[in-house]
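In: Quick check, what structure comes out for this input:
(chains A and B, ligands or ions: 1)
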Amino acid sequence: MGVAAPAIANSHGNHVVVVGGGYGGAVAAKYIRMADPTVKVTLIEQNEYYYSCPLSNPVIIGIRDMEVQKWGYDGLKKHGIDVVIDTVTGIDAGSKTVTTKGGKFKYTKLVLSPGVEFNYAAIPGLTKEIAHTSMPHAWKAGPQTLLLRDKLAAMKDGEPFVMVAPPNPFRCPPGPYERASLVAHYLKKHKPKSKVIILDPKDKFSKMGLFRGGWKELGYEPNYIEWIPAAEGGKVTKVDAATGTVYTDMGEYKSSCINIIPPMTAGSIAVASGLTDKSGWCPVDLKTFESTLAKDVYVIGDSSAAAGLPKSGYAANSEAKVAAAAVVAALQGKPAPMPSYVNTCYSLLAPDYGISVALVSVFEDGKITKKSGGLSPSTASKAHRKQEAFYAESWYQSIMADTFA
Amino acid sequence: TSGMMMGADARAEGITAAALANTCAGCHGTNGVAVGPAMPTIAGQPAAHLVNMMKEFKSGERPATIMDRIAKGYSDEEITELSKYLATQKWGNNVANARLSMKTGTPFNQVDDALVAKGAKLHESLKCKKCHEDNGRSMEDDTPRVAGQWQDYLLIKMQDYKNPDMKVPQPKKMKKNIDNASLEELEAIAHFYASQK
Ligand SMILES: Cc1cc2nc3c(=O)[nH]c(=O)nc-3n(C[C@H](O)[C@H](O)[C@H](O)COP(=O)(O)OP(=O)(O)OC[C@H]3O[C@@H](n4cnc5c(N)ncnc54)[C@H](O)[C@@H]3O)c2cc1C
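Out: From the prediction side, this is the model:
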């Protein structure tokens, strides 16, 4: 750990370097090895342990331990993957070299899955420092998840939980609303004079009908959740960390518990390496996920601009398998195979109330085209919602094993 | 070996069966071996059973929470190919799982010995063993393997079979026997099958 492994692949061998050991990168590394165990694969990840964002919202309301979110890289080593714990500081697509704090790695193919970066400056008054101390986003699972949990626990009954939702596109479209639901569930029990105020720069959001139907059914709306869309003054103009205040055109909101989820871009290493376009995300060929800006570099997961797929863990998993198959085919001198994509996202409105969205798509006419999918029925029974909450936990266990075991 | 050989069973210009099946792994686990506690393992089940399930999910004849929405995304030919592929994968169960469930600290799939013993008797007395031979391991006549399937899934399925409103397709003889069993008895059977490796 720490010190980079021998950096240069032997001259006759192919060397695939994967950067980022999360929902996208870890799966790509594993599925390349499963498809062709002769390929040398090095996975470079900056952290020794990965904390899963999916199901981190239950941690915030104190019904789930952070330990259950924590995963290590021993399972991937068993697939013959060289795991290097180090931070990538540069990518040179010309000389096909990845530079880390501790060394240099030459690659034949590079797979990049660095997740997201936050644009703090887009919200006047917000800085990275403030996010780490007083106004956490908790949009990367880890210390901020625990900070937000502790702030919620310490919040006085009667204070609002103020959430600033991000503009599109962003990591996990239903995520802010799942969080608001679970916090409302917590407040109802523990701080009945408080409510969640969602300040939203949008006028609609993912699974909106199902969420708001559930909010009524569960008695969250209007007493425990107030959603303020852009049209009604939801857009934040500035924040003041010293006084704990969020300002909009229509008013100001004060609390000791403020959760600001800033606008997002591709991971900083992708931006710094010139792999993003004006949108702030990485354009890719949707059949292979190879960057359209740099040959032999494949960008998957939240960082990629994959029109037709959301920025979710399941989509990152699906994209990783498409890229893995494309990389292996290319190394074997074969044409890229036809991809198949699936996305599903479960959201919990309460510990025993789950809803989902599903999507099956194919590659057609250069685009990712929907074949089937959709939302949980709006009129499902309580038993059905409970089963979905149950399946959400199972989904988590299976996808984490698919990623790390 | 994983059996995932890109292109090995490719249909002309189509999607390989492996590429299709790999997208299921997010829920059903790598190569169809689920980690539980409620998602079923689909690896190594009889191809005909998988085809049947998928087609009934697709048509809406078989009630589901999510598979109906997913199965509609595949052609009948793709369903056949991916089912044949999954049938060749190794059945797995009780994947070593150190993770803890929610905050309770309870490991998954804790079979209760007393319930296992009770379930073993019911497996005989309710004549389940006529079809689910060898303590549920048999896949003769394309009967799905129930031995070592996740316990919570087995119970959900049996409750659904029993629920008259859901009208789940099922063999007549099985329906009669499951209808005769109480919820407690079905729970014991779930423990028994789940305990069988
Ligand atoms: C609260 C919340 C709930 C969510 N719930 C769900 C859900 O229920 N279902 C779902 O499908 N998705 C969910 N998501 C979304 C999901 O977490 C992301 O879409 C997913 O993590 C994206 O995978 P990724 O590989 O792109 O990025 P990540 O999983 O973030 O992985 C990126 C990795 O790259 C590493 N890295 C970055 N830069 C470098 C560098 N320079 N050098 C070395 N390593 C680097 C990081 O340390 C990290 O480990 C949720 C997200 C949030 C915030």
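
In: Find me the pLDDT at the closest residue in space to residue A:99 that isn't next to it in sequence, would you?
Out: Leaving out its chain neighbours, the residue that sits closest to residue A:99 by Cβ to Cβ, 6 or more residues apart in numbering or on different chains is residue A:90, at 4.0 Å. (Glycine included, C-beta is placed from N, CA and C.) For residue A:90, the model assigns a pLDDT of 98.

In: what number of residues lie near residue A:90?
Out: 12 (other Cβ atoms under 10 Å in any protein chain shown).

In: Tell me the secondary structure at it.
Out: When classified by DSSP: H, G, I helix; E, B strand; the rest coil, residue A:90 comes out as strand.

In: my guess is it meets residue A:273, correct?
Out: Yes. Counting by Cβ atoms under 8 Å, residue A:90 touches residue A:273, with 7.0 Å between them.

In: The nearest residue to residue A:105 once chain neighbours are set aside: neighbouring residues, count only.
Out: Nearest residue to residue A:105 in three dimensions, chain neighbours excluded: residue A:98, at 4.5 Å (Cβ to Cβ, 6+ apart). Look at residue A:98: counted by other Cβ under 10 Å, it has 26 neighbours.

In: Residue A:98 and residue A:90 touch, don't they?
Out: Yes. Between residue A:98 and residue A:90 there is a contact at 7.4 Å, judged by Cβ under 8 Å.

In: residue contacts, the residue positioned nearest the centre of chain B?
Out: Per Cα atoms, centre = their mean, the C-alpha nearest to the average position across chain B is that of residue B:40, at 4.4 Å. Applying Cβ atoms under 8 Å, 6 or more residues apart in numbering or on different chains to residue B:40 gives the contacts B:28, B:34, B:149, B:150, B:153.

In: Read off the pLDDT value for the first one.
Out: Residue B:28 is assigned 95 on the pLDDT scale.

In: Now it: phi and psi?
Out: phi -90, psi 0 (degrees, to the nearest 10).

In: Could you check how many residues crowd around it?
Out: 24.

In: Helix, strand or coil: sort out the residue lying closest to residue A:286 once chain neighbours are set aside for me.
Out: Among residues not flanking residue A:286 along the chain, residue A:368 sits closest, at 5.3 Å (Cβ to Cβ, 6+ apart). Taken by three-state DSSP, the conformation at residue A:368 corresponds to strand.

In: what does the one 5 residues further on give?
Out: Secondary structure of residue A:373, reduced to three states by three-state DSSP: strand.

In: How much space separates the closest residue in space to it that isn't next to it in sequence from residue A:315?
Out: Distances taken as Cβ to Cβ, 6+ apart place residue A:359 nearest to residue A:373, at 3.8 Å, with adjacent residues excluded. Between residue A:359 and residue A:315 the distance is 8 Å, computed by Cβ to Cβ, to the nearest Å.

In: Quickly list what's touching both of those two.
Out: Taking Cβ under 8 Å, 6+ apart as the contact rule, the neighbours common to residue A:359 and residue A:315 are A:309, A:341, A:343.

In: now the residues you listed as TSV including neighbour count?
Out: TSV is the format used below for the shared contacts of residue A:359 and residue A:315 (neighbours: other Cβ atoms under 10 Å in any protein chain shown):
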residue	neighbour count
A:309	21
A:341	26
A:343	24
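
In: ok and the residue in the stretch 201-350 of chain A nearest chain B?
Out: residue A:342 (3.9 Å; Cβ to the nearest Cβ).

In: and that residue, that one's in a helix?
Out: No. Using three-state DSSP, the secondary structure at residue A:342 is strand, not a helix.

In: so it touches residue A:318, yeah?
Out: Yes. Using Cβ under 8 Å, residue A:342 is in contact with residue A:318, at 5.4 Å.

In: ok, back up a step: would you agree the residue nearest to residue A:286 is in contact with residue A:308?
Out: Yes. Look at residue A:368 against residue A:308 with Cβ under 8 Å: they come within range, at 3.2 Å.

In: Compare these two and say which is more crowded by neighbours.
Out: Neighbour count, other Cβ under 10 Å: between residue A:368 and residue A:308, residue A:368 has more, with 20 against 15.

In: Number of residues surrounding residue 62?
Out: Using chain A here. 14.

In: The chain in question should be chain B.
Out: Neighbour tally, residue B:62, other Cβ under 10 Å: 21.

In: Give me the nearest residue to it, chain neighbours excluded.
Out: Setting aside the residues directly before and after it, residue B:62 is nearest to residue B:56 in space (Cβ to Cβ, 6+ apart), at 3.6 Å.

In: so where does the one you found fall, helix or strand?
Out: helix B:47-59 (DSSP states H and E).

In: what's downstream of that helix, the next helix or strand?
Out: helix B:67-71.

In: From the rest of the structure, what touches that next one?
Out: Contacts for helix B:67-71 (Cβ under 8 Å, 6+ apart): A:342, A:344, A:358, A:360, A:372-374, B:53-55, B:57-58, B:60, B:62, B:79.

In: Equivalent analysis for stretch A:370-383, please.
Out: So stretch A:370-383 is contacted by A:207, A:209-210, A:213, A:308, A:343, A:353-362, A:384-385, A:388, B:65-66, B:69-74 (Cβ under 8 Å, 6+ apart).

In: what does stretch B:74-92 give?
Out: A:360, A:371, B:3, B:9, B:11, B:14-15, B:17-18, B:20-21, B:24, B:29, B:31-33, B:41-48, B:50-51, B:54-55, B:58, B:71, B:145, B:148.

In: which residue does chain B bring closest to chain A?
Out: Going by Cβ to the nearest Cβ, chain A is nearest to residue B:73 of chain B, at 2.7 Å.

In: So which residues of the stretch 101-250 of chain A form helices?
Out: Listed in chain order, the helices of the stretch 101-250 of chain A (DSSP state H, counting those that start in this stretch) span A:128-133, A:143-154, A:175-190, A:208-217.

In: Relative to residue A:393, which of those helices is closest?
Out: For the helices of the stretch 101-250 of chain A, proximity to residue A:393 was assessed by Cβ to Cβ; helix A:175-190 is nearest, at 14.0 Å.
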